[in-house]
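In: this one's sequence-less:
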């Protein structure tokens with residue numbers, strides 16, 4: 001059988017009760033703060049901002065990689081432009097702009 005006798009004095013029991021009440025009050029205060037609507041909204045905002053920052057960081061890295069890849073295709077190892085690749089792309093771009101301009105002027109008439 002378990003020993004059920006309590007050898008504490010009434011003062012010790014009272015002190016233990018006060019300590020437990022204080023701990024319980026602190027726990028209830030923490031719970032109150034956690035379930036407060038302002039805290040919940042703040043936590044949700046922080047999570048969204050964190051996710052956006054993470055997504056933007058990944059997007060920045062990806063864009064930087066793409067730009068580096070494109071730059072590598074249009075420059076040689078020393079950084080000089082590769083005209084054999086730039087000129088055809090420039091001609092296509094000028095042609096597309098010309099066609100868009102011509103098409104837009106034609107629609108206005």
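Out: Perfect, I can see it now. Please read all numbers here as calculations on a predicted model, not as lab measurements.
In: what ranges does this structure have for its helices?
Out: In the chain, the helices defined using DSSP state H lie at 10-35, 37-74, 83-108.
In: could you dump these into a markdown table and include mean pLDDT?
Out: Formatted as a markdown table, those follow (pLDDT from 0 to 100):
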| stretch | mean pLDDT |
| --- | --- |
| helix 10-35 | 94 |
| helix 37-74 | 94 |
| helix 83-108 | 88 |
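In: in a markdown table: these, plus mean neighbour count.
Out: (Glycine included, C-beta is placed from N, CA and C.) Formatted as a markdown table, the helices of the chain follow (neighbours: other CB atoms under 10 Å):
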| stretch | mean neighbour count |
| --- | --- |
| helix 10-35 | 10 |
| helix 37-74 | 10 |
| helix 83-108 | 10 |
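In: mind checking how far residue 59 is from residue 53?
Out: Using CB to CB, to the nearest Å, residue 59 is found at 11 Å from residue 53.
In: now swap in residue 19 and tell me
Out: Residue 19 is 43 Å from residue 53, by CB to CB.
In: go on, residue 35?
Out: Distance from residue 35 to residue 53, by CB to CB: 26 Å.
In: and what of residue 28?
Out: The separation that residue 28 has from residue 53, given CB to CB, amounts to 34 Å.
In: ok, residue 37 next?
Out: Applying CB to CB to residue 37 and residue 53 gives a distance of 24 Å.
In: residue 104 now?
Out: Taking CB to CB, one finds residue 104 at 40 Å from residue 53.
In: again, but for residue 39
Out: For residue 39 relative to residue 53 (CB to CB), the value is 21 Å.
In: can you check residue 70 too?
Out: Taking CB to CB, one finds residue 70 at 26 Å from residue 53.
In: same question, residue 38
Out: Taking CB to CB as the measure, residue 38 falls 22 Å from residue 53.
In: what does residue 12 give?
Out: Going from residue 12 to residue 53 by CB to CB gives 53 Å.
In: what does residue 96 give?
Out: Applying CB to CB to residue 96 and residue 53 gives a distance of 36 Å.
In: got it, and residue 91?
Out: 41 Å.
In: ditto for residue 105
Out: Applying CB to CB, the value for residue 105 to residue 53 is 45 Å.
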